[in-house]
Each structure stands twice: as structure tokens, then as C-alpha cells.
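A.B. asks: Show me how the following folds:
(2 chains)
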Amino acid sequence: MTNPYQPHLAKITRIIDENKARDLKTFELAFCDSQQAERFSFVCGQFAQVSVLGAGEAPFGIASSPTDQGFLQFTVKRYPTGTVTTALHNCQEGDLIGVRGPYGNGYPMQLLEGSNVMIVGGGFAFTTLKSLTNYILHPDNRGRFGELTVLSAARDPGEMIYKYVLKKWSERDDIRLILTIDKEAEGWKEKVGFAAPVLKQIDPSSKNAVAVVCGPAIMIKTCVAVLLELGFAADRILTSLEMRMKCGIGMCGRCNIGDKYVCRDGPVFTYQQLQEMPKEY
Amino acid sequence: MTEKILTKDKQKEFLSRLIKVYQVFAPVEKEGNLLFSQINTPEELAEEYRNTKLPPKELFFPHSEALFRFRKGQVIEESPNEAERVIFGMRPCDAKSLTLLDMVFNTEGFKDPYFIARREKTTVISIACAQPQITCFCTSFGGSPVSEEGSDILLFDLGENYLVKSITPKGQQLIDSLGGLLTDAQKSDLKKRDELIKTALAEMKSEIPTEGLKEKLEGMFDSPIWEKIHLKCLGCGICTYLCPTCHCFDIVDEAVDSEGKRVRNWDSCMYPQFTIQASGLNPRLSNKERLRQRMMHKFNYSVSNYGQTFCVGCGRCIRNCPVNLDIREIVKLISGKQEAGRSFQ
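C.D. replies: Residues are numbered from 1 along each chain as shown, chains lettered A, B, ... in the order given. Have a look, this model is predicted:
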């Protein structure tokens, strides 16, 4: 019997500072046991429990794509009250941390394949959206998806994460990339405004399209309203939820919203599913 | 499966023989509380009792247990290496609760190795209830004071004898290993057993309206009843602590420097920290949301997820609530059958 609580050790091979406030870091990991690297097969949108032995563990969405070979990425925001996030931020390259998973349902590839995809991400909730975008853009997969539009929103230029990835995407002609910040800032040449009005401006066609929206609650709410207005069906708008979790496998009883466990039945839900769930998130 | 007779003058020998082979746990009187404890002599068993203060869940899912240890960055496995065990004297409601916990910890997708190892190594010998307590309501949720569910062996106290019925192959194996200690049951014993069943069922005075409870709760998430119910609740969590089916847990690291263990502890949906996120967001801000979660989890969510209500009607939460918040009254209120003004006004 495999023990689902047992973490597998992974070495931090790279740490990337993601924002000016320096409370967002991306950790690139390699499993110490190469067999575990093989076993850890995931789909975009899934998460894992990441732990610092002695500090504890916490769930994080997987930021790398299944097409990335040999490494895993997690982007972690440090909270003053977050024991695990603080311990992770104190780690150095070369340190060993624990990973168990992958958990959750991930993005429904059956629904996404063959569709035009509109991705909207706000702040550091962009993690699994980066995974999804890189997955779609991979030469092995690109042909299975329609047009790809990505809108990334941040408070200010300093808070826009994954700049090194956005730059690569902006050089391609098979992805439409739109960046926006809340208020005008010196030297900023992209869009200005909250995600929802910018999304309205972009005016993506809902025809044969699926939208994926991740971000702060208010952003999800306003963007979903725009998408519905644009004719997106409720079962073709996806989002990913976060709740406090411990086990990640539907046993510890705390991440439920109604009868759904976010760890097991989510974290990805359609807007239609959300409408059927109690508003307790 | 066979039905045998254990005469009460042989009960001590019966337990002694079990103690030689197994770790035996039974209700023991400890500082005024009746608790399941390991016994080393038959005399330790409590003489007469209705039910234990704490449910038997801690024998399978301890209050606190190490999942693994770590030292200098290396993970050291903690293999759940339990001896073969017998739990003697469980009540049918508690035995049923084990089958509910099985659904949580032994799923198709994930298996909890700690819980499962203990379940596999344990033989459960229950004793049917002849005299339910006034707070018992097992029959309201499909249980019975004489139910076999979850037991490997069920005993009926016929006065001078126990009628011993093996329910599972594991139970039969234990009975077979006792050889001549047990004798075959006679027709007159079975008749006495049937009378006991009749009396026990007639003694169950507490019946609450549970039909369609799950469906009623579907539309009640925003019902004003939660406002009423929670006012009395202190949020102390004793109901979850003593509930045989409550299984929510926390996982934390206990360490000094680089050495320590990852520990699983019981947790409670009644506590504010239960759902608070690192960002400070807490989807269940007050007792109202927490008590609603507890009721919904037992009577609605669990029915969706496991096809079972997660309440066995043992009544521990009723007997031990410091403000006499009675789960039966809440169910009545949900059903719309609560007499106006009784408990919540």
C-alpha cells in the first residue's frame, strides 16, 4: 500500500524572484529519486502538497507544464502568518523540500481541445494558467487547440509575474497576449485598467470558445459577468478555487464547498458548477 | 454463521484466553469515566455499562499520531506495526461508525495506511444493547440496538449466558479458536435472544423525523434556522471530539531544529482556525457557518458522497454538550416538526 502522506524529496534547483515586493518566488525543483520524477505525472491545473520538513506542508498549484522535462515549478506568495510560505521563502537553491501529489482534477482537456481558449489571470493566480498556456503552445499540442488569447492583469508593472515567460509568448504569432495594470505607470506601454473592462475591450468571440479565469474573487466575479455578457455558456467558463487544505485526498474534511471537496472534486470547476454550490468560498 | 453460548462463569476464562493471543481493549472505569483501554486481566473490564464516554474511533484513528519522522532532511517511515487486537464490549452504534469511517479512509483513489492497518488487525466483539439510554436514537438513522453492522461477533446478554453470534469469517475464526469454551445454542436461548431484541427495540423511545432529511437540507443553506441554532453554541467542539463518525484532522510538523515528526491530530469544524487561509480569508466566519457545516456534513454532504448519514445516534454529543444543544432538536427543526418555542427561542 503506498502511503499518500509520504512526501518525496526534491532539490530546489532554481529560485526566481517574481515581483518587486519580493513576496513571490518561483521554485524550480527536481525530484531526488528519478523514478519518482517518472511517477509524478500530472495535468495542467492540478496541485501538490509542498513541504519544508519541520515547518509543515501547504497546497500549491503546479506552475510548470507537463511538457516541461526534468523539473517542476511552484510559485509561492509569502504571507506573514503563513508558516510554510515563510519557510519556503527562506530556502536556498540546493535545499531539499518535500512534494506529494499530484492532486485534484486539473483543467478538462477534453473540453479545451478543439476550442478557442481565452485565458484570464490576475496577480499571482496565474500559476496554473502559465502551465496551461505553455502546454497549449507546445509543438506536440498546439494543433489540437484553436485560437489562444491570454490576458494577464497585475496591480502595477512590478507585480506582473513571469515576465521572462510573457516575453517569449509575445514573440510568437500563435498566441494573442494582452497585459494590463490597474493604473498608469511610467514606461508602461500596454493596457491600463482592471481585467474585466479590458476583457470587454478585447471582446473575445464566444463561438466554440472556452474561458479560464483565475485571480482574486472580485476579478473572477467581474470577468465572469463580462464573459456571460459576451455569450460564453456557464459550462464553458472555468475557474480554479483555493481553500485551506491538509490531506489533499478528500479525508481531512476541511476544504469542502457543499458536498464537493476542492482537493478531490476540484480545484477546477465550471461556472455552472459554482452556481449549484453554496456560496461559502 | 453459528450461534454459541458463553456461560457467564466462563467469561473470565474467555477474556483470559483472548488476552494471551491478542491485545484486548474493553470498557474500563477510569477516574469516573468509562473508556476503551487495553486490559491485561479480565477483572479490569467494567461490570455494567451503557456505553463508553469516548467512542472507539481513537483505537483506529488516534487523537494524535506520527505519520512519519524526519532527521536532517531525510524522511523516516513510520510503519503502522500493530499487533492483532480484539475490542470487546463495543456497542452496535459504535460498530456501525467503523463502517462509515471505512468509507472515508479506504477509498478507491486513496488509502489511509494507518487506519486500514488497524482495521485489518482488529476483531470487533460487540454486545447488543438491552437497555438503550434516553439519549440513544440509533433507530432513527437505520441502526438498531441489536444491529450486527460493523461487528465481527455480536453478543446478546441473556442473563446467565451470552449468546455469541459470529458475523464475519474473522469472528468465526476467533470463535473456532476457543474450542470447547463455547457450547451450541439451544432453541430456548434463541427464544430468549428474540425477546431481548423485542424489549430493546421497545425501549428505544427517541425517534426523530429523518425521512427526506437530506433532500430538505438541499434548499436550506441560507435558511434562517441557522441563525437561531447557533446562538446557543459555544463552539467548544466537544460534539466533534466525542462523535464516533467525526474524522476531520489537521497535519502539522513538530520539530526541534531539523529533527521531528509530521503529526496528524484530530481537528474540529467548530473551530475558527479550521478553514482560515494564509491570506486571512475565512469562509466560515462565525459559529453559524460552522454549525451549519457540521449539520450539513452529517446529514447532507455525506449522503451525497457516501450514501450514508454520518450520525449513528449514539447520543454522546447530547449528553456532553455544555449548553444542552440537542442534535435531535436540530433535526426536528430542519424537518419543520419541532414544536414551536421548545429549544431555540
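
A.B. asks: Tell me who's in contact with the residue nearest the centre of chain A.
C.D. replies: Geometric centre of chain A, nearest residue: residue A:128, 2.1 Å, by Cα atoms, centre = their mean. Residues near residue A:128 by Cβ atoms under 8 Å, 6 or more residues apart in numbering or on different chains: A:44, A:45, A:46, A:47, A:61, A:62, A:63, A:107, A:214, A:240. Any C-beta I mention is one placed from the backbone N, CA and C, and that applies to glycine too.

A.B. asks: what does the stretch 1-150 of chain B put close to chain A?
C.D. replies: Listed as neighbours of chain A in the stretch 1-150 of chain B under the rule Cβ under 8 Å from any Cβ of the partner chain: B:67-68, B:70, B:73-75, B:77, B:104-105, B:107, B:109-113, B:116.

A.B. asks: Report the two of the residues you listed separated the most.
C.D. replies: Using Cβ to Cβ, the residues of the stretch 1-150 of chain B next to chain A span at most 32.2 Å, a distance reached by B:73 and B:104.

A.B. asks: List the contacts of the longest helix anywhere in chain A.
C.D. replies: As assigned by DSSP state H, the longest helix anywhere in chain A is helix A:217-229. Identification of contacts with helix A:217-229 by Cβ under 8 Å, 6+ apart yields A:118, A:120, A:122-123, A:153, A:194-196, A:199-200, A:206, A:211, A:213-215, A:234, A:237, A:239, A:271.

A.B. asks: Among the residues you listed, which lie within helices?
C.D. replies: A:195, A:196, A:199, A:200, A:271.

A.B. asks: I figured the last one was touching residue A:240, is that so?
C.D. replies: To tie it back to what came earlier, the one meant is residue A:271. No: contact criterion Cβ atoms under 8 Å: residue A:271 and residue A:240 do not qualify, at 12.0 Å.

A.B. asks: more neighbours, these two?
C.D. replies: Each of residue A:271 and residue A:240 has its neighbours counted (other Cβ atoms under 10 Å in any protein chain shown); residue A:240 has more, 27 against 20.

A.B. asks: can you pull the contacts of that one?
C.D. replies: Residue A:240 makes contact with A:45, A:61, A:125, A:128, A:214, A:266, A:267, A:268, A:269, according to Cβ under 8 Å, 6+ apart.

A.B. asks: from these, which single one is nearest chain B?
C.D. replies: residue A:125 (11.5 Å; Cβ to the nearest Cβ).

A.B. asks: And that closest one, how far from residue A:242?
C.D. replies: Going from residue A:125 to residue A:242 by Cβ to Cβ, to the nearest Å gives 8 Å.

A.B. asks: Make CSV out of the contacts of residue A:240 and add pLDDT, secondary structure and distance to residue B:267.
C.D. replies: Putting these into CSV (pLDDT from 0 to 100; DSSP: H, G, I helix; E, B strand; the rest coil; distance: Cβ to Cβ, whole Å) gives the following:
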residue, pLDDT, secondary structure, distance to residue B:267
A:45, 97, coil, 27
A:61, 97, strand, 24
A:125, 91, helix, 27
A:128, 97, helix, 27
A:214, 96, strand, 28
A:266, 94, coil, 21
A:267, 97, coil, 21
A:268, 98, strand, 26
A:269, 97, strand, 25
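
A.B. asks: Ranking helices and strands of chain A by mean pLDDT, which lands last?
C.D. replies: helix A:34-39 (a mean of 90; mean pLDDT, DSSP states H and E).

A.B. asks: Contacts for that one, please.
C.D. replies: Counting by Cβ under 8 Å, 6+ apart, A:8, A:30, A:31, A:70 sit against helix A:34-39.

A.B. asks: Kindly recompute the last result at 10 Å.
C.D. replies: Identification of contacts with helix A:34-39 by Cβ atoms under 10 Å, 6 or more residues apart in numbering or on different chains yields A:2, A:8-10, A:29-31, A:33, A:69-72, A:99-100.

A.B. asks: May I ask which of those has the most neighbours?
C.D. replies: Result: residue A:10 is most packed of the contacts of helix A:34-39 (other Cβ under 10 Å), 25 neighbours.

A.B. asks: which of the contacts of helix A:217-229 are buried?
C.D. replies: A:118, A:120, A:122-123, A:153, A:194-196, A:199-200, A:206, A:211, A:213-215, A:237, A:239, A:271 (16 or more other Cβ atoms under 10 Å in any protein chain shown).

A.B. asks: Sweet, I'm off.
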